[in-house]
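> sequence first, then the predicted structure, then my questions.
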Amino acid sequence: MNRKQLGVTIVLICLMGLLFVGQRIFNERFQSISLMNNNITDFTEYTDKDKEISFKLPSQWENSDRSLPGNYITYYKSFSDSSLGITGYVQLINYKGDDKALIEKDKEYIEGEIGNYSLDSYQSKNYKGYKTSFIVTGENKRETFYDVYYLKIKGEKLVKLSFMVDGKYYKTNYQDIFKVLVDSVK
């Protein structure tokens with residue numbers, strides 16, 4: 001390789017690095033703008049009683065804990081915001097099997113016709129897992145948009161975050177809200 005080629009290669013590598021850093025900064029600012037546009041400014045951190053997980057929810061969202069029998073689901077917190085049409089929950093699940101098998105089993109519990117189903121690998125800031133997205137058409141042709149995240153946290157522990165949005169409220173920038181909340185899981 002001669003000097004001219006080496007110089008061009010170095011310049012291209014520097015430009016690629018600059019674009020990569022610029023993209024990260026832009027994505028973070030874009031998420032902040034999405035949150036502000038949906039009147040989300042403050043977050044409250046929640047932890048399960050055994051301190052196995054912690055996560056954040058917008059402070060103005062309503063939420064409640066639920067106790068379930070047995071030790072399959074060891075933690076359950078539901079949340080909602082009526083102004084955005086978002087409801088959902090966070091679960092800490094004891095699960096030994098294949099994550100994809102659990103996801104398929106969860107599909108059986110959904111009432112209504114499932115459309116636009118997708119299952120993708122997902123990488124949060126702290127964990128790897130899967131994300132499912134789909135639309136359920138229920139009674140009176142009413143659509144509900146679902147985004148469900150499954151994150152493997154420790155050995156046989158799985159965190160499930162489910163977001164449901166009434167079709168009349170759904171906006172594509174809600175994905176940014178969900179991503180911020182999923183990334184807050186520690």
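It's in. Residues are numbered from 1 along each chain as shown.

> beyond the helix or strand containing Ile10, next helix or strand please.
Taking DSSP states H and E as the criterion, Ile10 maps to helix 3-37. Next helix or strand after helix 3-37 toward the C-terminus (DSSP H and E): strand 43-47.

> that next one: which residues count as buried?
43, 46 (16 or more other CB atoms under 10 Å). C-beta here means a position set from N, CA and C on the backbone, and glycine is covered the same way.

> CA atoms of whichever helix or strand comes after it as PDB?
Using DSSP H and E, the helix or strand that follows strand 43-47 towards the C-terminus is strand 54-58. In PDB, the C-alpha atoms belonging to strand 54-58 read as follows (Å, rounded to 0.1, in the frame of the first residue of the first chain):
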ATOM      1  CA  SER A  54     -34.500  -2.500  39.500                       C
ATOM      2  CA  PHE A  55     -36.100  -0.400  36.800                       C
ATOM      3  CA  LYS A  56     -37.600   3.000  36.200                       C
ATOM      4  CA  LEU A  57     -41.100   4.200  35.200                       C
ATOM      5  CA  PRO A  58     -42.300   7.700  34.500                       C
END
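
> got the angle for strand 54-58 vs strand 43-47?
For strand 54-58 against strand 43-47, the angle by axes from the mean of the first three to the mean of the last three CA atoms, to 10 degrees is 150 degrees.

> helices and strands around the helix or strand following strand 54-58, which ones?
On the C-terminal side of strand 54-58, the closest following helix or strand by DSSP H and E is strand 62-65. For strand 62-65, the elements it packs on are strand 73-81, judged by 3 or more CB pairs under 8 Å, 6 or more residues apart in numbering; DSSP states H and E.

> who's in contact with the helix or strand following the strand it packs on?
Counting by DSSP H and E, the next helix or strand C-terminal to strand 73-81 is strand 86-94. Residues outside strand 86-94 that contact it (CB atoms under 8 Å, 6 or more residues apart in numbering): 46, 48, 52-53, 55, 61, 71-81, 102, 156-165, 169, 174, 177.

> can you list the domains in this protein?
1-37, 42-183 (automatic domain parsing).

> could those domains go into JSON lines alongside mean pLDDT?
As requested, the domains of the chain are exported to JSON lines (pLDDT from 0 to 100):
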{"stretch": "domain 1-37", "mean pLDDT": "73"}
{"stretch": "domain 42-183", "mean pLDDT": "94"}
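
> tell me which of these is the most buried.
Stretch with highest mean neighbour count among these: domain 42-183 (a mean of 15; mean count of other CB atoms under 10 Å).
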